[in-house]
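1. Here's my sequence, what's the structure:
(chains A and B)
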Amino acid sequence: MAAVYMRRLGKELREIETEAPPAGLRLLKADDFDTWIFQIEVLGDSLYRGERFALKFRFDNTYPFSAPAVQFVVDSQMRAPVHPHVYTNGHICASILGEDWSPTLSVISVCITIQSMLASCKKKELPEGNDTYVRTAPDNPKKTHFVYDDDTV
Amino acid sequence: MGKNNVQDLLNNADIQDPFDFSQKILQDLDSAVRCKICSELYAAPVVLACGHCFCSLCARSQLSEKEACPACWKPATEDQLRINPAMEEAVIAWKAARAFVVRLATDDHIRQMRPQTPELRPTKKRRMSPASDSDIEMLEQPAAGPSTPRKPTKRPSSPAQPRPKSTARSRSSEPPVDDKLIDCPACAHRVHMDKINQHLDSGCKLPPSTVTTSAKQKDAWSKIFSGETRKKGKDRTGDDAPLPKVSYAVLKEKQIRELLAEHDLPTTGERSLLIARHQRWITLYNANLDHHPSQRRRTAELRTELRKWEDDRKAITKRGTAKEVAQAVNLTQHQRDNKAEFAVLVARARPKKATVAVSTSSGLAELDADGCSSPPVDKEHDLDASDTQVDMTIVDPDAPRPKESAILVE
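-> Just a heads-up that it's a prediction; the model follows:
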(Lines give C-alpha, C1' and ligand atoms only; values in the text may rest on other atoms or scores of the structure.)
Protein backbone atom coordinates (compact mmCIF):
# COMPACT_ATOMS: atom_id res chain seq x y z
CA MET A 1 0.00 0.00 0.00
CA ALA A 2 1.41 3.16 -1.14
CA ALA A 3 2.16 6.09 1.10
CA VAL A 4 -0.65 8.55 1.74
CA TYR A 5 0.93 11.34 -0.28
CA MET A 6 1.37 9.09 -3.30
CA ARG A 7 -2.22 7.96 -3.14
CA ARG A 8 -3.39 11.52 -2.97
CA LEU A 9 -1.12 12.60 -5.85
CA GLY A 10 -2.16 9.54 -7.84
CA LYS A 11 -5.75 10.63 -7.57
CA GLU A 12 -4.91 14.18 -8.57
CA LEU A 13 -3.04 12.88 -11.58
CA ARG A 14 -5.90 10.66 -12.56
CA GLU A 15 -8.20 13.63 -12.41
CA ILE A 16 -5.85 15.65 -14.60
CA GLU A 17 -5.61 12.85 -17.11
CA THR A 18 -9.32 12.04 -17.12
CA GLU A 19 -10.66 15.55 -17.18
CA ALA A 20 -8.63 17.89 -19.30
CA PRO A 21 -6.85 20.43 -17.06
CA PRO A 22 -8.22 24.00 -17.11
CA ALA A 23 -7.46 26.15 -20.14
CA GLY A 24 -3.88 27.35 -20.41
CA LEU A 25 -2.47 24.47 -18.35
CA ARG A 26 -0.79 21.40 -19.71
CA LEU A 27 0.97 18.61 -17.86
CA LEU A 28 4.50 18.27 -19.21
CA LYS A 29 5.97 15.73 -16.85
CA ALA A 30 4.75 13.54 -14.01
CA ASP A 31 6.84 10.38 -14.11
CA ASP A 32 7.22 10.08 -10.38
CA PHE A 33 5.92 11.55 -7.16
CA ASP A 34 8.91 13.84 -6.65
CA THR A 35 8.60 16.36 -9.44
CA TRP A 36 5.82 17.41 -11.76
CA ILE A 37 6.07 20.09 -14.43
CA PHE A 38 3.20 22.03 -15.96
CA GLN A 39 3.17 24.38 -18.89
CA ILE A 40 1.29 27.49 -17.99
CA GLU A 41 0.10 30.37 -20.13
CA VAL A 42 -2.26 33.20 -19.47
CA LEU A 43 -5.14 33.24 -21.87
CA GLY A 44 -7.05 36.34 -22.82
CA ASP A 45 -5.93 39.91 -22.40
CA SER A 46 -2.91 40.20 -20.19
CA LEU A 47 0.67 41.43 -20.08
CA TYR A 48 1.86 37.87 -20.68
CA ARG A 49 -0.03 37.26 -23.88
CA GLY A 50 1.72 34.65 -26.00
CA GLU A 51 4.27 33.80 -23.31
CA ARG A 52 4.63 30.26 -21.98
CA PHE A 53 6.16 29.29 -18.70
CA ALA A 54 6.93 26.03 -16.97
CA LEU A 55 5.88 25.56 -13.38
CA LYS A 56 7.72 22.97 -11.34
CA PHE A 57 6.20 21.19 -8.33
CA ARG A 58 8.31 19.24 -5.87
CA PHE A 59 6.65 16.97 -3.34
CA ASP A 60 7.68 15.02 -0.31
CA ASN A 61 5.75 12.75 1.98
CA THR A 62 4.44 15.61 4.10
CA TYR A 63 2.16 16.56 1.21
CA PRO A 64 -0.68 17.59 1.46
CA PHE A 65 -0.15 18.73 5.05
CA SER A 66 2.56 21.02 3.88
CA ALA A 67 2.71 22.82 0.57
CA PRO A 68 4.63 21.49 -2.40
CA ALA A 69 7.71 23.48 -3.40
CA VAL A 70 6.54 25.43 -6.44
CA GLN A 71 8.67 27.56 -8.74
CA PHE A 72 9.02 28.56 -12.36
CA VAL A 73 11.55 26.60 -14.36
CA VAL A 74 14.55 28.70 -15.32
CA ASP A 75 16.96 26.99 -17.70
CA SER A 76 18.40 27.34 -21.17
CA GLN A 77 14.94 27.46 -22.74
CA MET A 78 12.58 28.69 -20.08
CA ARG A 79 12.46 31.98 -18.22
CA ALA A 80 10.41 33.04 -15.24
CA PRO A 81 7.74 35.65 -15.94
CA VAL A 82 8.65 39.22 -15.07
CA HIS A 83 6.26 39.87 -12.21
CA PRO A 84 6.55 41.75 -8.90
CA HIS A 85 6.14 38.45 -7.00
CA VAL A 86 8.36 36.26 -9.11
CA TYR A 87 12.13 36.31 -8.70
CA THR A 88 14.36 35.72 -11.69
CA ASN A 89 15.45 32.37 -10.26
CA GLY A 90 11.82 31.23 -10.56
CA HIS A 91 10.89 31.52 -6.91
CA ILE A 92 7.37 32.76 -6.28
CA CYS A 93 6.18 34.82 -3.37
CA ALA A 94 2.60 33.67 -2.90
CA SER A 95 1.01 33.14 0.47
CA ILE A 96 -0.78 29.93 -0.50
CA LEU A 97 2.63 28.33 -1.07
CA GLY A 98 3.62 29.25 2.47
CA GLU A 99 1.60 30.10 5.52
CA ASP A 100 -1.78 30.08 3.77
CA TRP A 101 -1.34 26.64 2.27
CA SER A 102 -4.23 24.34 3.04
CA PRO A 103 -4.24 20.57 2.56
CA THR A 104 -7.54 20.95 0.72
CA LEU A 105 -5.72 22.76 -2.08
CA SER A 106 -4.33 20.75 -4.96
CA VAL A 107 -1.76 20.95 -7.70
CA ILE A 108 -4.37 22.25 -10.13
CA SER A 109 -5.67 24.84 -7.68
CA VAL A 110 -2.10 26.13 -7.23
CA CYS A 111 -1.68 26.36 -11.01
CA ILE A 112 -4.91 28.33 -11.28
CA THR A 113 -3.84 30.71 -8.53
CA ILE A 114 -0.51 31.35 -10.24
CA GLN A 115 -2.27 31.81 -13.53
CA SER A 116 -4.59 34.42 -12.06
CA MET A 117 -1.70 36.08 -10.28
CA LEU A 118 -0.11 36.61 -13.68
CA ALA A 119 -3.37 37.58 -15.34
CA SER A 120 -4.06 40.36 -12.86
CA CYS A 121 -0.58 41.89 -13.12
CA LYS A 122 -0.66 45.53 -14.14
CA LYS A 123 3.00 46.27 -14.61
CA LYS A 124 5.82 43.95 -15.52
CA GLU A 125 8.55 44.59 -12.99
CA LEU A 126 10.92 42.56 -10.90
CA PRO A 127 10.43 42.18 -7.15
CA GLU A 128 12.25 44.62 -4.96
CA GLY A 129 15.59 43.18 -3.90
CA ASN A 130 15.54 40.59 -6.65
CA ASP A 131 19.30 40.54 -7.10
CA THR A 132 20.07 40.12 -3.43
CA TYR A 133 17.53 37.38 -3.09
CA VAL A 134 18.62 35.46 -6.16
CA ARG A 135 22.22 35.59 -4.99
CA THR A 136 21.48 34.13 -1.59
CA ALA A 137 18.32 32.10 -2.17
CA PRO A 138 18.24 28.47 -1.11
CA ASP A 139 17.57 25.87 -3.77
CA ASN A 140 14.19 25.10 -2.32
CA PRO A 141 11.86 28.13 -2.21
CA LYS A 142 10.13 26.63 0.82
CA LYS A 143 13.22 27.45 2.83
CA THR A 144 12.67 31.12 2.25
CA HIS A 145 10.54 33.03 4.70
CA PHE A 146 8.50 35.37 2.57
CA VAL A 147 6.56 38.28 3.97
CA TYR A 148 3.23 38.72 2.27
CA ASP A 149 2.02 42.26 2.50
CA ASP A 150 0.59 43.05 -0.87
CA ASP A 151 -2.49 41.26 -2.04
CA THR A 152 -3.38 43.64 -4.82
CA VAL A 153 -1.32 41.90 -7.48
CA MET B 1 11.70 4.18 -10.38
CA GLY B 2 10.52 1.46 -8.08
CA LYS B 3 7.70 2.27 -5.77
CA ASN B 4 7.77 5.91 -6.72
CA ASN B 5 6.58 5.12 -10.20
CA VAL B 6 3.36 6.82 -11.13
CA GLN B 7 2.11 4.18 -13.52
CA ASP B 8 2.68 1.39 -11.01
CA LEU B 9 0.52 3.24 -8.57
CA LEU B 10 -2.18 4.18 -11.01
CA ASN B 11 -2.47 0.61 -12.23
CA ASN B 12 -2.92 -0.52 -8.70
CA ALA B 13 -6.54 -1.57 -8.40
CA ASP B 14 -6.44 -0.77 -4.71
CA ILE B 15 -6.72 2.92 -5.47
CA GLN B 16 -10.25 4.02 -6.07
CA ASP B 17 -11.39 7.48 -6.94
CA PRO B 18 -14.42 9.25 -8.39
CA PHE B 19 -13.12 8.60 -11.89
CA ASP B 20 -14.00 4.96 -11.55
CA PHE B 21 -17.32 6.33 -12.76
CA SER B 22 -17.75 7.93 -16.14
CA GLN B 23 -21.01 9.62 -15.14
CA LYS B 24 -20.66 13.03 -13.57
CA ILE B 25 -23.53 12.42 -11.13
CA LEU B 26 -21.81 9.35 -9.73
CA GLN B 27 -18.43 11.09 -9.60
CA ASP B 28 -20.07 13.77 -7.50
CA LEU B 29 -21.69 11.21 -5.24
CA ASP B 30 -18.34 9.49 -4.73
CA SER B 31 -16.55 12.81 -4.07
CA ALA B 32 -19.16 13.76 -1.51
CA VAL B 33 -18.09 10.98 0.85
CA ARG B 34 -14.37 11.64 0.44
CA CYS B 35 -12.12 13.62 2.73
CA LYS B 36 -10.86 16.81 1.11
CA ILE B 37 -7.43 16.25 2.63
CA CYS B 38 -6.52 12.68 1.74
CA SER B 39 -9.22 12.20 -0.94
CA GLU B 40 -9.99 8.76 0.44
CA LEU B 41 -13.45 7.73 1.59
CA TYR B 42 -13.84 9.20 5.07
CA ALA B 43 -12.17 7.13 7.77
CA ALA B 44 -13.55 8.00 11.21
CA PRO B 45 -15.12 11.26 10.00
CA VAL B 46 -15.13 14.14 12.45
CA VAL B 47 -16.61 17.62 12.20
CA LEU B 48 -14.82 20.79 13.21
CA ALA B 49 -16.49 23.68 14.99
CA CYS B 50 -17.26 25.25 11.61
CA GLY B 51 -19.03 22.10 10.43
CA HIS B 52 -16.48 20.93 7.87
CA CYS B 53 -15.83 17.23 7.90
CA PHE B 54 -12.52 15.36 7.56
CA CYS B 55 -11.03 12.01 8.51
CA SER B 56 -10.07 12.10 12.15
CA LEU B 57 -6.42 11.44 11.40
CA CYS B 58 -6.33 14.09 8.67
CA ALA B 59 -8.02 16.66 10.90
CA ARG B 60 -5.76 15.92 13.85
CA SER B 61 -2.61 15.98 11.74
CA GLN B 62 -3.62 19.30 10.22
CA LEU B 63 -4.68 20.90 13.50
CA SER B 64 -1.33 20.06 15.03
CA GLU B 65 0.22 22.22 12.29
CA LYS B 66 -2.29 25.04 12.39
CA GLU B 67 -5.37 25.46 14.56
CA ALA B 68 -7.80 26.39 11.82
CA CYS B 69 -10.15 24.59 9.48
CA PRO B 70 -8.26 23.87 6.25
CA ALA B 71 -11.41 24.53 4.24
CA CYS B 72 -12.56 27.88 5.67
CA TRP B 73 -9.78 28.95 8.08
CA LYS B 74 -12.19 29.36 10.96
CA PRO B 75 -10.44 28.65 14.25
CA ALA B 76 -10.57 24.99 15.22
CA THR B 77 -8.92 22.89 17.89
CA GLU B 78 -8.54 19.18 18.42
CA ASP B 79 -10.71 19.12 21.52
CA GLN B 80 -13.63 20.59 19.55
CA LEU B 81 -13.67 17.65 17.15
CA ARG B 82 -16.90 15.70 17.20
CA ILE B 83 -17.38 12.34 15.62
CA ASN B 84 -19.78 12.14 12.71
CA PRO B 85 -21.45 8.72 12.97
CA ALA B 86 -23.99 9.51 10.26
CA MET B 87 -21.22 10.12 7.75
CA GLU B 88 -19.39 7.03 8.89
CA GLU B 89 -22.52 5.01 8.32
CA ALA B 90 -22.94 6.52 4.88
CA VAL B 91 -19.35 5.66 4.00
CA ILE B 92 -19.69 2.09 5.17
CA ALA B 93 -22.86 1.65 3.17
CA TRP B 94 -21.29 3.25 0.10
CA LYS B 95 -18.19 1.09 0.40
CA ALA B 96 -20.38 -1.98 0.42
CA ALA B 97 -22.42 -0.85 -2.58
CA ARG B 98 -19.64 0.84 -4.57
CA ALA B 99 -18.25 -2.08 -6.54
CA PHE B 100 -21.76 -3.02 -7.55
CA VAL B 101 -22.61 0.50 -8.64
CA VAL B 102 -19.33 0.74 -10.58
CA ARG B 103 -20.31 -2.40 -12.45
CA LEU B 104 -23.80 -1.14 -13.18
CA ALA B 105 -22.50 2.22 -14.27
CA THR B 106 -19.85 0.69 -16.51
CA ASP B 107 -22.37 -1.62 -18.16
CA ASP B 108 -24.69 1.28 -18.68
CA HIS B 109 -21.90 3.40 -20.12
CA ILE B 110 -20.86 0.65 -22.52
CA ARG B 111 -24.46 0.23 -23.63
CA GLN B 112 -24.75 3.92 -24.31
CA MET B 113 -21.54 3.95 -26.33
CA ARG B 114 -22.19 0.76 -28.29
CA PRO B 115 -23.18 1.28 -31.91
CA GLN B 116 -26.74 0.34 -32.62
CA THR B 117 -27.23 -3.39 -32.99
CA PRO B 118 -30.83 -3.80 -34.06
CA GLU B 119 -30.72 -7.58 -34.32
CA LEU B 120 -30.06 -7.79 -30.60
CA ARG B 121 -32.35 -5.14 -29.33
CA PRO B 122 -34.64 -2.57 -30.93
CA THR B 123 -33.08 0.89 -30.68
CA LYS B 124 -36.27 2.45 -29.57
CA LYS B 125 -36.62 0.28 -26.54
CA ARG B 126 -33.04 0.86 -25.50
CA ARG B 127 -33.49 4.59 -25.65
CA MET B 128 -36.73 4.56 -23.82
CA SER B 129 -35.78 2.49 -20.85
CA PRO B 130 -32.13 2.22 -20.07
CA ALA B 131 -33.15 1.78 -16.48
CA SER B 132 -35.01 -1.40 -17.15
CA ASP B 133 -31.76 -3.09 -18.11
CA SER B 134 -30.26 -2.11 -14.85
CA ASP B 135 -33.30 -3.40 -13.06
CA ILE B 136 -32.79 -6.82 -14.47
CA GLU B 137 -29.31 -6.90 -13.11
CA MET B 138 -30.46 -5.55 -9.82
CA LEU B 139 -32.76 -8.47 -9.34
CA GLU B 140 -30.06 -10.96 -10.12
CA GLN B 141 -27.64 -9.25 -7.90
CA PRO B 142 -28.92 -9.12 -4.32
CA ALA B 143 -27.65 -12.61 -3.49
CA ALA B 144 -24.12 -11.32 -3.96
CA GLY B 145 -24.93 -7.75 -3.02
CA PRO B 146 -23.26 -6.88 0.24
CA SER B 147 -25.91 -4.82 1.91
CA THR B 148 -29.22 -6.57 1.53
CA PRO B 149 -28.83 -9.86 3.41
CA ARG B 150 -27.52 -8.19 6.49
CA LYS B 151 -30.69 -6.43 7.38
CA PRO B 152 -32.29 -9.39 9.19
CA THR B 153 -29.21 -9.81 11.38
CA LYS B 154 -29.28 -6.20 12.28
CA ARG B 155 -32.80 -5.83 13.53
CA PRO B 156 -32.97 -7.87 16.73
CA SER B 157 -30.24 -5.75 18.20
CA SER B 158 -30.37 -4.71 21.80
CA PRO B 159 -31.35 -1.13 22.64
CA ALA B 160 -28.01 -0.55 24.27
CA GLN B 161 -26.31 -0.76 20.92
CA PRO B 162 -24.58 2.55 20.46
CA ARG B 163 -24.93 3.02 16.73
CA PRO B 164 -27.16 1.12 14.38
CA LYS B 165 -24.63 0.23 11.73
CA SER B 166 -22.45 -1.70 14.07
CA THR B 167 -23.08 -5.04 12.44
CA ALA B 168 -22.11 -3.85 9.03
CA ARG B 169 -18.77 -5.56 9.30
CA SER B 170 -19.78 -8.53 11.37
CA ARG B 171 -19.05 -11.97 10.07
CA SER B 172 -21.38 -12.58 7.20
CA SER B 173 -20.90 -16.31 7.61
CA GLU B 174 -23.03 -16.25 10.70
CA PRO B 175 -26.56 -17.50 10.25
CA PRO B 176 -28.89 -14.59 9.73
CA VAL B 177 -31.30 -15.43 12.53
CA ASP B 178 -29.98 -17.07 15.66
CA ASP B 179 -31.43 -15.91 18.93
CA LYS B 180 -28.33 -17.07 20.75
CA LEU B 181 -26.38 -14.36 18.97
CA ILE B 182 -26.02 -11.23 21.04
CA ASP B 183 -24.25 -7.95 20.59
CA CYS B 184 -21.01 -7.66 22.45
CA PRO B 185 -21.37 -4.66 24.77
CA ALA B 186 -17.79 -3.63 24.14
CA CYS B 187 -17.19 -4.02 20.43
CA ALA B 188 -20.78 -4.50 19.22
CA HIS B 189 -19.89 -7.51 17.13
CA ARG B 190 -22.43 -10.29 17.21
CA VAL B 191 -21.23 -13.17 19.28
CA HIS B 192 -22.77 -16.44 20.33
CA MET B 193 -24.15 -16.19 23.88
CA ASP B 194 -22.13 -19.16 25.09
CA LYS B 195 -18.97 -17.53 23.78
CA ILE B 196 -19.55 -14.01 25.00
CA ASN B 197 -17.49 -14.26 28.17
CA GLN B 198 -14.58 -15.74 26.33
CA HIS B 199 -14.98 -13.09 23.66
CA LEU B 200 -15.00 -10.26 26.18
CA ASP B 201 -12.10 -11.67 28.11
CA SER B 202 -10.08 -11.95 24.96
CA GLY B 203 -10.36 -8.22 24.44
CA CYS B 204 -13.06 -8.70 21.81
CA LYS B 205 -11.06 -10.93 19.56
CA LEU B 206 -13.34 -12.57 17.11
CA PRO B 207 -13.25 -16.29 16.50
CA PRO B 208 -11.26 -18.15 15.14
CA SER B 209 -8.46 -16.45 17.02
CA THR B 210 -7.53 -18.26 20.18
CA VAL B 211 -6.96 -16.65 23.51
CA THR B 212 -4.07 -17.11 25.85
CA THR B 213 -4.79 -17.31 29.52
CA SER B 214 -2.48 -14.48 30.45
CA ALA B 215 -4.17 -12.08 28.07
CA LYS B 216 -7.49 -13.19 29.47
CA GLN B 217 -6.39 -12.45 32.99
CA LYS B 218 -5.02 -9.05 32.16
CA ASP B 219 -8.02 -7.89 30.25
CA ALA B 220 -10.43 -9.18 32.83
CA TRP B 221 -8.73 -6.96 35.38
CA SER B 222 -8.53 -4.07 33.04
CA LYS B 223 -12.29 -4.24 32.59
CA ILE B 224 -12.72 -3.78 36.30
CA PHE B 225 -10.13 -1.08 36.79
CA SER B 226 -10.49 0.41 33.39
CA GLY B 227 -9.65 3.88 34.61
CA GLU B 228 -6.54 2.67 36.31
CA THR B 229 -5.11 0.45 33.65
CA ARG B 230 -6.39 2.18 30.60
CA LYS B 231 -3.11 3.54 29.44
CA LYS B 232 -1.34 0.27 29.96
CA GLY B 233 -3.87 -1.65 27.91
CA LYS B 234 -2.44 -4.11 25.45
CA ASP B 235 -4.39 -4.99 22.40
CA ARG B 236 -7.82 -3.93 23.39
CA THR B 237 -10.42 -2.46 21.17
CA GLY B 238 -12.98 -1.57 23.80
CA ASP B 239 -14.23 1.89 24.60
CA ASP B 240 -11.39 4.04 25.80
CA ALA B 241 -10.91 7.66 26.58
CA PRO B 242 -8.63 9.66 24.29
CA LEU B 243 -5.09 10.23 25.44
CA PRO B 244 -4.39 13.71 26.81
CA LYS B 245 -1.82 15.98 25.22
CA VAL B 246 1.46 16.33 27.05
CA SER B 247 3.54 19.42 27.75
CA TYR B 248 6.89 17.92 26.89
CA ALA B 249 8.81 21.06 27.74
CA VAL B 250 8.26 20.50 31.45
CA LEU B 251 9.26 16.83 31.32
CA LYS B 252 12.68 15.32 31.68
CA GLU B 253 13.84 12.99 28.96
CA LYS B 254 13.47 10.08 31.33
CA GLN B 255 9.81 10.92 31.93
CA ILE B 256 9.15 11.06 28.21
CA ARG B 257 10.73 7.63 27.89
CA GLU B 258 8.39 6.42 30.61
CA LEU B 259 5.40 7.79 28.72
CA LEU B 260 6.49 5.85 25.68
CA ALA B 261 7.12 2.72 27.70
CA GLU B 262 3.56 2.88 29.03
CA HIS B 263 2.38 2.25 25.52
CA ASP B 264 5.06 -0.32 24.72
CA LEU B 265 6.70 2.04 22.27
CA PRO B 266 10.42 2.22 21.58
CA THR B 267 12.26 4.48 23.99
CA THR B 268 15.36 4.94 21.88
CA GLY B 269 16.47 8.08 20.14
CA GLU B 270 17.03 11.72 20.88
CA ARG B 271 14.63 13.82 22.88
CA SER B 272 13.15 15.39 19.74
CA LEU B 273 12.46 11.98 18.29
CA LEU B 274 10.93 10.74 21.53
CA ILE B 275 8.57 13.69 21.61
CA ALA B 276 7.66 13.43 17.94
CA ARG B 277 7.01 9.72 18.39
CA HIS B 278 4.80 10.25 21.42
CA GLN B 279 2.87 13.05 19.75
CA ARG B 280 2.26 10.99 16.67
CA TRP B 281 1.18 8.09 18.85
CA ILE B 282 -1.42 10.24 20.58
CA THR B 283 -2.71 11.42 17.21
CA LEU B 284 -2.94 7.90 15.81
CA TYR B 285 -4.46 6.55 19.00
CA ASN B 286 -7.09 9.25 19.35
CA ALA B 287 -7.97 9.17 15.67
CA ASN B 288 -8.52 5.43 15.96
CA LEU B 289 -10.96 6.02 18.80
CA ASP B 290 -13.08 8.16 16.49
CA HIS B 291 -13.95 5.05 14.52
CA HIS B 292 -16.98 3.11 15.52
CA PRO B 293 -15.76 0.35 17.86
CA SER B 294 -16.34 -2.30 15.20
CA GLN B 295 -14.09 -0.40 12.78
CA ARG B 296 -11.22 0.32 15.12
CA ARG B 297 -7.80 -1.08 14.53
CA ARG B 298 -5.95 -2.92 17.22
CA THR B 299 -3.21 -1.22 19.15
CA ALA B 300 -0.64 -3.50 17.54
CA GLU B 301 -1.64 -2.22 14.11
CA LEU B 302 -1.30 1.34 15.33
CA ARG B 303 2.21 0.55 16.50
CA THR B 304 3.06 -0.78 13.07
CA GLU B 305 1.74 2.42 11.57
CA LEU B 306 3.73 4.53 13.97
CA ARG B 307 6.83 2.67 12.94
CA LYS B 308 6.09 3.25 9.29
CA TRP B 309 5.59 6.94 9.99
CA GLU B 310 8.94 7.09 11.69
CA ASP B 311 10.63 5.41 8.73
CA ASP B 312 9.03 7.91 6.35
CA ARG B 313 10.16 10.72 8.57
CA LYS B 314 13.71 9.48 8.39
CA ALA B 315 13.41 9.29 4.62
CA ILE B 316 12.60 13.00 4.39
CA THR B 317 15.65 13.85 6.40
CA LYS B 318 17.82 11.81 4.10
CA ARG B 319 16.42 13.43 1.00
CA GLY B 320 17.16 16.82 2.45
CA THR B 321 13.81 18.23 1.37
CA ALA B 322 13.10 18.72 5.00
CA LYS B 323 10.91 21.23 6.74
CA GLU B 324 10.85 22.07 10.42
CA VAL B 325 10.38 18.50 11.57
CA ALA B 326 13.41 17.21 9.85
CA GLN B 327 15.46 20.33 10.30
CA ALA B 328 15.93 19.36 13.90
CA VAL B 329 17.89 16.39 12.72
CA ASN B 330 19.62 18.33 9.96
CA LEU B 331 20.77 20.73 12.59
CA THR B 332 22.89 18.22 14.44
CA GLN B 333 24.35 17.07 11.14
CA HIS B 334 25.12 20.64 10.19
CA GLN B 335 26.68 21.21 13.58
CA ARG B 336 28.94 18.23 13.10
CA ASP B 337 29.92 19.20 9.56
CA ASN B 338 30.79 22.74 10.47
CA LYS B 339 32.32 22.11 13.84
CA ALA B 340 35.64 23.60 12.86
CA GLU B 341 34.08 26.75 11.53
CA PHE B 342 31.96 27.12 14.61
CA ALA B 343 35.03 26.78 16.77
CA VAL B 344 36.71 29.59 14.86
CA LEU B 345 33.67 31.79 15.20
CA VAL B 346 33.36 31.06 18.88
CA ALA B 347 36.99 31.87 19.45
CA ARG B 348 36.67 35.09 17.52
CA ALA B 349 33.56 36.10 19.41
CA ARG B 350 34.69 35.22 22.92
CA PRO B 351 36.83 38.27 23.85
CA LYS B 352 34.02 40.75 23.10
CA LYS B 353 31.10 39.07 24.74
CA ALA B 354 28.54 41.73 23.97
CA THR B 355 28.66 41.06 20.25
CA VAL B 356 28.56 37.29 20.32
CA ALA B 357 25.14 36.89 18.81
CA VAL B 358 25.72 39.36 16.03
CA SER B 359 29.03 38.10 14.82
CA THR B 360 28.01 34.49 14.96
CA SER B 361 24.83 34.85 13.06
CA SER B 362 26.34 36.97 10.39
CA GLY B 363 29.11 34.44 10.01
CA LEU B 364 26.57 31.74 9.50
CA ALA B 365 24.58 33.82 7.08
CA GLU B 366 27.64 33.77 4.88
CA LEU B 367 27.75 30.01 5.06
CA ASP B 368 24.19 30.08 3.90
CA ALA B 369 25.05 32.18 0.95
CA ASP B 370 27.72 29.70 -0.04
CA GLY B 371 24.94 27.38 -0.90
CA CYS B 372 25.06 24.76 1.80
CA SER B 373 21.50 23.91 2.68
CA SER B 374 21.66 24.97 6.24
CA PRO B 375 19.02 25.08 8.93
CA PRO B 376 17.48 28.32 10.15
CA VAL B 377 19.85 31.07 11.03
CA ASP B 378 17.89 32.36 13.99
CA LYS B 379 18.16 29.15 15.84
CA GLU B 380 21.85 28.88 15.60
CA HIS B 381 23.49 31.82 17.22
CA ASP B 382 23.41 30.37 20.69
CA LEU B 383 24.37 26.92 19.60
CA ASP B 384 28.07 27.18 20.07
CA ALA B 385 27.80 27.96 23.76
CA SER B 386 27.68 24.27 24.43
CA ASP B 387 27.63 21.19 22.31
CA THR B 388 24.28 20.01 23.49
CA GLN B 389 21.21 20.37 21.36
CA VAL B 390 18.79 21.03 24.21
CA ASP B 391 15.90 23.16 22.97
CA MET B 392 16.92 23.39 19.39
CA THR B 393 16.00 19.86 18.52
CA ILE B 394 12.62 19.84 20.16
CA VAL B 395 10.10 19.23 17.49
CA ASP B 396 7.01 21.10 18.43
CA PRO B 397 4.52 21.59 15.64
CA ASP B 398 2.71 24.21 17.72
CA ALA B 399 5.75 26.35 18.01
CA PRO B 400 6.06 29.31 15.68
CA ARG B 401 7.86 28.50 12.51
CA PRO B 402 11.46 29.50 12.42
CA LYS B 403 12.36 32.27 10.08
CA GLU B 404 15.09 31.26 7.76
CA SER B 405 16.15 34.14 5.68
CA ALA B 406 13.76 37.00 5.82
CA ILE B 407 13.07 38.65 2.54
CA LEU B 408 10.94 41.69 2.46
CA VAL B 409 8.65 42.02 -0.47
CA GLU B 410 6.58 45.01 -1.14
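
2. Which parts of the stretch 1-150 of chain B are strands?
-> Ranges of strands in the stretch 1-150 of chain B, per DSSP state E, counting those that start in this stretch, are B:45-47, B:53-55, B:82-83.

3. okay if I get these as a markdown table plus mean pLDDT?
-> Formatted as a markdown table, the strands of the stretch 1-150 of chain B follow (pLDDT from 0 to 100):
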| stretch | mean pLDDT |
| --- | --- |
| strand B:45-47 | 96 |
| strand B:53-55 | 96 |
| strand B:82-83 | 94 |
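
4. OK, contacts around B:Gln302?
-> No Gln there; residue B:302 is Leu. Counting by C-beta atoms under 8 Å, 6 or more residues apart in numbering or on different chains, B:Leu302 makes contact with B:281, B:284-285, B:288. Placement of C-beta: from N, CA and C, glycine included.

5. what stretches of chain B score poorly on pLDDT?
-> B:1-5, B:8-14, B:116-179, B:185-189, B:202-239, B:316-332, B:351-410 (pLDDT under 70).

6. top helix in it by residue count?
-> helix B:85-113 (DSSP state H).

7. Ok, chain A next?
-> Every helix in chain A considered (DSSP H), the longest is helix A:4-18.

8. in the stretch 101-250 of chain B, what residue is nearest chain A?
-> B:His109 (13.4 Å; C-beta to the nearest C-beta).

9. ok, that residue touching B:Lys24?
-> No - at 11.8 Å, B:His109 does not count as touching B:Lys24 under the criterion of C-beta atoms under 8 Å.

10. Identify the residues contacting B:Val91.
-> Contacts of B:Val91 by C-beta under 8 Å, 6+ apart are B:33, B:41-43, B:45.

11. Just the buried ones from the residues you listed?
-> B:33, B:41-43, B:45 (16 or more other C-beta atoms under 10 Å in any protein chain shown).

12. Identify the residue spatially nearest to residue 23, adjacent ones excluded.
-> All of this refers to chain A. Take A:Ala23 and drop its neighbours on the chain: the residue closest to it by C-beta to C-beta, 6 or more residues apart in numbering or on different chains is A:Leu43, 5.6 Å away.

13. Not quite, go with chain B.
-> B:Ala105 (5.8 Å).

14. right, and the one you found touches B:Leu26 too?
-> Yes - with contact defined as C-beta under 8 Å, B:Ala105 reaches B:Leu26; the gap is 5.6 Å.

15. just checking, which of the buried ones among the contacts of B:Val91 belong to helices?
-> Using DSSP H, none of these sit in helices.

16. Pull the most distant pair out of those residues.
-> With distances taken as C-beta to C-beta, the most widely separated pair in the buried ones among the contacts of B:Val91 is B:Val33 and B:Ala43, at 11.0 Å.

17. that's a strand at A:Cys70, yeah?
-> Heads up, residue A:70 is Val, not Cys. Yes - under the criterion used here (DSSP: H, G, I helix; E, B strand; the rest coil), A:Val70 sits inside a strand.

18. tell me the contacts of it?
-> A:55-58, A:92, A:97, A:110, A:114, A:141 are the contacts of A:Val70 under C-beta under 8 Å, 6+ apart.

19. hmm, try it at 7 Å
-> Contact analysis of A:Val70 by C-beta atoms under 7 Å, 6 or more residues apart in numbering or on different chains lists A:55, A:57, A:92, A:97, A:110.

20. Keep only those of those that are in strands.
-> Of the contacts of A:Val70, the ones assigned to strands by DSSP state E are A:55, A:57.

21. from the contacts of A:Val70, which would you call buried?
-> Buried among these (16+ other C-beta under 10 Å): A:55, A:57, A:92, A:97, A:110.

22. What distance do you get for the first one to chain B?
-> Using C-beta to the nearest C-beta, to the nearest Å, A:Leu55 is found at 18 Å from chain B.

23. Relative to B:Lys66, how far out is that residue?
-> Computed as C-beta to C-beta, to the nearest Å, the A:Leu55 to B:Lys66 distance reads 25 Å.

24. and if you look at the last one?
-> Between A:Val110 and B:Lys66 the computed distance is 18 Å (C-beta to C-beta).

25. what about residue 94, neighbour count?
-> In the absence of a named chain, this looks at chain A. Other residues within reach of A:Ala94, judged by other C-beta atoms under 10 Å in any protein chain shown, total 20.

26. that's the wrong chain, I wanted chain B
-> The tally of other residues near B:Trp94 (other C-beta under 10 Å) stands at 18.

27. Excluding residues flanking it in the chain, which one is nearest it?
-> B:Trp94's closest residue in space is B:Val33 (C-beta to C-beta, 6+ apart), at 5.4 Å.
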